[in-house]
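> Predicted model follows, preceded by the sequence.
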Amino acid sequence: MPLRIIRNDITKMKVDAIVNAAKSSLLGGGGVDGAIHEAAGPGLLEECRALGGCETGGAKITGAYNLPCKHVIHTVGPVYRDGKHGEPELLGSCYRESLRLAKEAGCESVAFPLISSGVYGYPKAEALRIAVDTIGEFLAENDMTVYIVIFDKTAYRIGEKLYSDIEAYIDDKYVDEHSDGIAERRRRMLFARRDEIEEDGICACPPPMLGSAPAAKPMAAPMAANISLEDAVGQIDESFSEMLLRKIDESGMTDAQVYKKANIDRKLFSKIRSAKNYKPSKPTALAFAIALELSLDETKDLLMKAGFALSHSSKSDIIIEYFISHGNYNIFEINEALFAFDQSLLGA
Ligand code: ADP
């Protein structure tokens, strides 16, 4: 089930449990801890007093008092020194232990802040990487919706190198499509119109007199002129869900492996599975292409079945193309990057 990265104040989250980045005394502090106690009211501190603190990497659960969630899970993140004092293991343990308690309490949805990334000084890109990887491992085995709640944009950083690589890729592709001179644009429009007409099979116009212009796209197999409408409709291609199910079979993965890898929840997958003509949203269709590790061309084919295209006029499409062309099919990493560039995320 899915992992979502969202921007919000965690005290506003209407989920089964929110996680608090607490101090080991569990007696409140600044940052997210202070905000949670303030919104929950004094009852939370009373209950925390009785818990006798918590070790770093551990977690304890309480009620939520005036908060809109049902439980608060208090976990103590490591203070970052240099990364060589067990910090990654301890931070991973915070997420694992919190999720274990949430599962025990029957929670279906949990929201985390980016633990240790504030006063405790964990570098944000690394803190996020550990959060995403640890939650991802848990979700591969468990059904739950997990949110990573980012409070402010500056609290959020993907790795600098990845960020600048993607930025360069966007520059390259995006500029390509947006820096055309007027003449070039006009030429493209002429050709685009010609393609449209030819694909409709109505008219083969003479090519415009433009010496260096590229050849028009080859036509799709034309439909016989004397075919009845009924027969024509009968020739309809494989649908999106048919292609998806075929690709899943060919991949050797189980349905569950694919929808989890796609960050799609089980209910939506069942809908797609049972409705031959289901029309998914573009993020859903793309999420399946990523889960199935399709090449760029195969991705375009699958998208086309749902009536979509990959376009260099869209930043998010270029970011996804970047990951596919680099053979990186980790949907959580792709979503991290989409989030960093203010784009909507993949999955349901
Ligand atoms: P730590 O001591 O574990 O570093 P902090 O509370 O200082 O904990 O910060 C952890 C993260 O929580 C930071 O990235 C900070 O931006 C974020 N944060 C602070 N307030 C909120 C809030 N109300 N909702 C969600 N995240 C928050």
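Perfect, thanks for sending it.

> Can you name the residues of the chain that neighbour the ligand?
Contact residues, the chain versus the ligand (CB under 6 Å from any ligand atom): 9-11, 21, 31-33, 35, 77, 113-120, 149, 151-152, 155. In this view, the C-beta of every residue, glycine as well, is placed from N, C-alpha and C.

> ok, of those residues, which come out buried?
Buried members of the residues of the chain next to the ligand, counted by 16 or more other CB atoms under 10 Å: 10-11, 21, 31-33, 35, 77, 113-118, 120, 149, 151, 155.

> residue ranges for the helices of the stretch 201-348 of the chain, please.
For the stretch 201-348 of the chain, the helices defined by DSSP state H, counting those that start in this stretch occupy 229-234, 240-251, 255-261, 266-274, 282-291, 296-305, 315-325, 331-340.

> would you list those in TSV and tack on mean pLDDT and distance to H85?
Compiled in TSV, the helices of the stretch 201-348 of the chain are given as follows (pLDDT from 0 to 100; distance: least, CB to CB, whole Å):
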stretch	mean pLDDT	distance to H85
helix 229-234	72	67
helix 240-251	96	41
helix 255-261	93	33
helix 266-274	93	40
helix 282-291	96	36
helix 296-305	96	43
helix 315-325	96	33
helix 331-340	90	26
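
> Of these, which is nearest R100?
Distance to R100, taken as CB to CB, is lowest for helix 255-261 among the helices of the stretch 201-348 of the chain, at 18.7 Å.

> Pull out the buried positions in that closest one.
Using 16+ other CB under 10 Å as the test for burial, helix 255-261 gives 258-261.

> Out of these, flag the one nearest to the ligand.
Closest approach to the ligand among the buried residues of helix 255-261 (CB to the nearest ligand atom): K260, at 26.0 Å.

> which other residues reach the helix or strand hosting A102?
A102 is located in helix 87-104, with elements delineated by DSSP states H and E. With CB atoms under 8 Å, 6 or more residues apart in numbering as the test, helix 87-104 has contacts from 16-17, 19, 56-61, 71, 73, 75-78, 80-81, 110, 112, 115-116, 122, 126-127, 130-131, 133-135, 138, 142, 144, 146.

> got a list of contacts for the following helix or strand past it?
Downstream of helix 87-104, the first helix or strand assigned by DSSP H and E is strand 109-112. With contact meaning CB under 8 Å, 6+ apart, strand 109-112 is reached by 10, 13, 15-19, 69, 73, 95, 98-99, 102, 131, 135, 144-149.

> Tell me which of those fall in strands.
Mapping the contacts of strand 109-112 onto strands (DSSP state E) picks out 17-19, 73, 145-149.

> Most widely separated two among these?
I73 and T145 (15.1 Å).

> For those two, work out which one has more neighbours and name it.
Counted by other CB atoms under 10 Å, I73 and T145 do not tie: I73 has more neighbours, with 27 against 18.
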